[in-house]
Structures are given as structure tokens and as C-alpha cells.
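Asks: 3D model of this:
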Amino acid sequence: MIKKTELLTLLSSDSELKKDIYSVCERIIEYVCSVSNKNALRYIPYYSLCERTGASAEEVLLAISYLSGINYPILNVKFELIEFEDSEPIQISNEDIIEARLTNTLIHPIKGIPVDNYKNKVFMYFCISDLGKEIIYE
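Replies: So this is what the prediction gives:
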């Protein structure tokens with residue numbers, strides 16, 4: 001089991017991680033550890049991390065790519081399709097997103113037909129990973 005302080009020490013000693021992105025990673029870790037309702041960590045919107053860290057969208061994206069990567073995967077990256085303002089979100093697998101990026105076509109997971117203008121209807125969010133749970137429940 002890894003503790004928050006251990007993870008921060010590992011991150012700070014990682015020569016591949018730039019200091020400004022380390023700072024964003026640190027703020028994200030502090031944020032997820034400070035959330036009192038841990039159920040809220042099942043759905044963490046991208047914009048929420050931008051607001052909570054005070055970092056730019058690009059900096060948050062770089063930090064997330066690090067915090068969801070192979071070395072320190074405290075967050076899982078998820079995607080959802082919201083077709084219309086009043087429609088329920090539909091989960092999209094990472095494999096479907098990869099395929100959509102390669103083919104420039106997203107096949108609707110329920111209807112089986114291409115989604116028009118899918119890039120404006122797919123949203124990224126995050127949830128706490130198993131490693132992240134170890135840290136927040138230390």
C-alpha cells in the first residue's frame with residue numbers, strides 16, 4: 001500500500017516530470033484526498049480538475065496523462081457520449097475512442113450507427129483507480 005507522501009516523493013524525484021506539471025499533479029492528488037464524499041470520486045469532470053488546481057487545460061491534461069499512466073495510475077480516464085442536452089450519458093470504451101480517432105467515426109454503442117459530429121458530443125472524465133483508493137483511504 002502506497003501513501004500520499006510516498007507518491008509525492010516518487011513524483012518529485014522523477015526526472016521526466018517537469019516541475020510545473022509536478023505542481024499540478026500535487027494539486028490533483030491533494031484535491032482527491034480532500035474530497036469528503038469519496039463516492040464523488042467515481043466521476044471527476046475534466047473542468048473540475050482545471051478549476052480545483054487553478055491550472056490551464058493543457059497543464060491538467062499533461063498531469064492527467066502522468067497520473068493515469070503506467071507508473072502512477074491514480075486516476076482512470078473514461079469517456080461518455082452526450083448526444084443531446086436532455087439525454088442520459090452513454091459510456092464509451094477507451095477502445096471505441098481509439099477507433100474513432102483512427103477512423104474519424106464513432107459508432108454509437110447502442111444504435112450501431114455513426115454519431116454525427118461526435119467530437120462535440122464525447123466528454124472525458126476521470127474516476128479514482130485502485131491505487132488512488134489506497135492513497136485516499138490511508
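
Asks: longest helix of this protein?
Replies: The longest helix of the chain (DSSP state H) is helix 19-34.

Asks: Could I get the buried residue list for that one?
Replies: Residues Ile21, Tyr22, Ser23, Val24, Cys25, Glu26, Arg27, Ile28, Ile29, Tyr31, Val32, Cys33 are the ones in helix 19-34 that count as buried (16 or more other C-beta atoms under 10 Å). C-beta coordinates here come from the backbone N, C-alpha and C atoms, glycine included.

Asks: For Ser36, give its distance to Pro73.
Replies: Distance, Ser36 to Pro73, using C-beta to C-beta, to the nearest Å: 23 Å.

Asks: between these two, who's got more neighbours?
Replies: More neighbours surround Pro73 than the other of Ser36 and Pro73, with 15 against 5 (other C-beta atoms under 10 Å).

Asks: Run through the helices of the protein in chain order.
Replies: Using DSSP H, the helices of the chain run over 4-12, 19-34, 46-53, 57-67, 94-103, 130-136.

Asks: could you check the angle helix 19-34 makes with the third one?
Replies: Taking axes from the mean of the first three to the mean of the last three C-alpha atoms, to 10 degrees, one finds helix 46-53 and helix 19-34 inclined to each other by 100 degrees.

Asks: Distance from the chain centre to helix 46-53, please.
Replies: How far helix 46-53 lies from its chain's middle: 11 Å, per C-alpha atoms, centre = their mean, to the nearest Å.

Asks: packing partners for it?
Replies: Counting contacts by 3 or more C-beta pairs under 8 Å, 6 or more residues apart in numbering; DSSP states H and E, helix 46-53 packs against helix 19-34, helix 57-67, strand 122-128.

Asks: between those, which gets nearest to Glu95?
Replies: Closest approach to Glu95 among the helices and strands packed on helix 46-53 is made by strand 122-128 (13.6 Å; C-beta to C-beta).
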